[in-house]
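K.L.:
Okay, sequence plus prediction incoming.
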Amino acid sequence: METLKRTRIADLFRTQPIGTTVMVKGWVRTRRGNKQVGFIALNDGSTIKNLQIVVDLEKFDEETLKLITTGACICATGQLVESQGKGQSAEVQAETLEVYGTADPQTYPLQKKGHTMEFLREIAHLRPRTNTFGAIFRMRHQMAYAIHTFFHQKGFCYFHTPIITASDCEGAGQMFQVTTKNLYNLKKDENGAIIYDDDFFGKQTSLTVSGQLEGELAATALGAIYTFGPTFRAENSNTPRHLAEFWMVEPEVAFADLEELMNLEEEFIKYCIKWALDNCQDDLQFLNDMFDKGLIERLQKVAETEFVRLPYTDGIKILEEAIAKGHQFEFPVYWGCDLASEHERYLVEEHFKKPVIMINYPKEIKAFYMKQNEDGKTVQGTDVLFPQIGEIIGGSVREESYDKLMARIEELNIPMKDMWWYLDTRKYGTCPHAGFGLGFERLMLFVTGMSNIRDVIPFPRTPKNAEF
């Protein structure tokens, strides 16, 4: 006789082999019933839907049944039948039950009741077992897959940039240091500066804040590349939009101008949103019903809307007019200011009521590598601004002129010894090129409707928190 193999619950719901004997394994979400019959809601992580196991209590010994509580892990075999009850199309009539692991009802924290997001962050090792986080992490997988699919189909090369680096791409200096030195006994020179000769790399190194600079090198050889990996910012930000460790997607394209860059940004983000709508229906529906009633409608709208393309100067005018009409912002608005999230959201949610790609920013508030415009005041930066989250993508055409780039680096006092290799690309066969960075977790916030970035990454790293 052929031995029975386990079927994933998602596959059972899809194929519905009614009348056959099946084997399922998973974790008990709830158990209820009366003296004759028990109902076990079983979930194996493959879908948001629980499979109902119907148990005729007379057929099983009490000792086994006692162990089947919320959180327990079991294996059940039985016939798949059409469900009599509401809420599911098929259920299993149990013939055998085996308990793999018990969960003490007194101490297992995920009992059947509503839990706050704050509480669930404290048990991040168990929260993937909730409906909410099962949905979020399945969607996280789908979004990562969509990103790779998009770029692969467009002929981009997936390029791995280093995680440990000696250069600070953003020039902001908020980097985590990487060292093997004995911190209790640091060697210093006569000026009190730490000597790094005996450190692992022989110089001061940090965790990367971005793969962009190395990505530019790759684009000037392979034509079009993207990175997708972890990045780190030692920024003491305790906001619902900041993490110290997050994932970044950074395409870089040789020969692209501002227009082509904006087209790529818009096409890419719409592709990801459409992918979510097409491939994550059940999880999206759950998040829409439980957390954010407008989620699916908002995703559909963004996927179908043409983004506004707005010069920074025009954006400032709109904000100044809003203030003149009595709208109040917490932060001041003037030409040259770095827009705050409230300003970005006003433009997107209240003024245009659709996503905005803002371009041509004052050079003072943007990074040294952005291409300068003829006016001498602005640079070809692009920020894609979204409802509810503000900036989701930051990009720019890069300055390809060696002289202009050097002048900017000197202006900003960026230490050159670490940047010689980057400048070489402007010395040897320089070319126009452009690229952008998308914070993966910001995209996840948008497609899941969650309000805190700590709830779209499995183990959030934030100031004073590196648990699990």
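P.N.:
Alright, I've got the coordinates.
K.L.:
Please make it C-alpha for all contacts and neighbour counts, starting now.
P.N.:
OK.
K.L.:
the helices in the stretch 201-350 of the chain, which residues?
P.N.:
212-222, 258-279, 281-290, 295-304, 312-324, 341-345 (DSSP state H, counting those that start in this stretch).
K.L.:
and the shortest one, what other elements does it pack with?
P.N.:
Read it as helix 341-345. strand 378-386, strand 390-397 (3 or more Cα pairs under 8 Å, 6 or more residues apart in numbering; DSSP states H and E).
K.L.:
Restricting to C-alpha, output the last one in CSV.
P.N.:
Spelled out, that is strand 390-397. Extracted C-alpha coordinates of strand 390-397, given in CSV (Å, rounded to 0.1, in the frame of the first residue of the first chain):
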residue,chain,number,x,y,z
GLY,A,390,5.8,59.9,2.0
GLU,A,391,9.0,59.1,0.2
ILE,A,392,9.2,55.5,-1.0
ILE,A,393,12.0,55.9,-3.7
GLY,A,394,14.9,58.3,-3.9
GLY,A,395,16.9,58.4,-7.0
SER,A,396,18.9,60.7,-9.4
VAL,A,397,20.8,61.1,-12.5
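K.L.:
which residues sit against that strand?
P.N.:
256-258, 261, 265, 341-342, 344-345, 370-371, 380-386, 432-439, 442-443 (Cα atoms under 8 Å, 6 or more residues apart in numbering).
K.L.:
what element comes up after that strand heading to the C-terminus?
P.N.:
Downstream of strand 390-397, the first helix or strand assigned by DSSP states H and E is helix 402-411.
K.L.:
what's near enough to touch N452?
P.N.:
N452 neighbours (Cα under 8 Å, 6+ apart): P240, R241, L445.
K.L.:
what about the second one, distance to L347?
P.N.:
Yep, that's R241 we're talking about. 19 Å (Cα to Cα, to the nearest Å).
K.L.:
what does the first one give?
P.N.:
Distance of P240 to L347, computed by Cα to Cα: 20 Å.
K.L.:
These two: which has the busier surroundings?
P.N.:
Shown here are P240 and L347; by other Cα atoms under 10 Å, L347 has more neighbours (24 against 12).
K.L.:
What does the pLDDT read for M1?
P.N.:
Looking at M1, its pLDDT is 54.
K.L.:
re earlier: could you dump the helices of the stretch 201-350 of the chain to a markdown table with mean neighbour count?
P.N.:
Listed next are the helices of the stretch 201-350 of the chain as a markdown table, based on neighbours: other Cα atoms under 10 Å:
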| stretch | mean neighbour count |
| --- | --- |
| helix 212-222 | 20 |
| helix 258-279 | 18 |
| helix 281-290 | 18 |
| helix 295-304 | 16 |
| helix 312-324 | 16 |
| helix 341-345 | 19 |
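K.L.:
R31 is in what secondary structure piece?
P.N.:
strand 21-33.
K.L.:
just checking, what packs against that strand?
P.N.:
Secondary elements touching strand 21-33 (3+ Cα pairs under 8 Å, 6+ apart): strand 37-43, strand 73-82.
K.L.:
Just the buried residues of that strand, please?
P.N.:
Residues T21, V22, M23, V24, K25, G26, W27, V28, R29, T30, R31 are the ones in strand 21-33 that count as buried (16 or more other Cα atoms under 10 Å).
K.L.:
So what sits opposite the last one in the bridge?
P.N.:
In other words, R31. Bridge pairing for R31 (DSSP bridges) gives the partners I40.
K.L.:
Now do the contacts for it.
P.N.:
R31 is in contact with G38, F39, I40, A41, I68, T69, T70, counting by Cα under 8 Å, 6+ apart.
K.L.:
ok, of these, which one's closest to E252?
P.N.:
Comparing the contacts of R31 against E252 with Cα to Cα places A41 closest, at 47.3 Å.
K.L.:
give me the number of residues near A224?
P.N.:
26.
K.L.:
and F291, how many neighbours does it have?
P.N.:
Here the number of neighbours of F291 (other Cα under 10 Å) works out to 15.
K.L.:
my read: it touches G449, true?
P.N.:
Yes: counting by Cα atoms under 8 Å, G449 is a contact partner of F291 at 7.0 Å.
K.L.:
returning to what we had before: now tabulate the buried residues of strand 21-33 in TSV and tack on distance to E62 and pLDDT.
P.N.:
Converted to TSV, those look like this (distance: Cα to Cα, whole Å; pLDDT from 0 to 100):
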residue	distance to E62	pLDDT
T21	24	97
V22	23	98
M23	22	98
V24	21	98
K25	20	98
G26	21	98
W27	19	98
V28	17	97
R29	20	96
T30	18	95
R31	14	95
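K.L.:
How much space separates K86 from V54?
P.N.:
Per Cα to Cα, K86 is found 14 Å from V54.
K.L.:
swap that for T96, sorry
P.N.:
On the measure of Cα to Cα, T96 and V54 end up 11 Å apart.
K.L.:
More neighbours: which of those two?
P.N.:
V54 (19 against 13).
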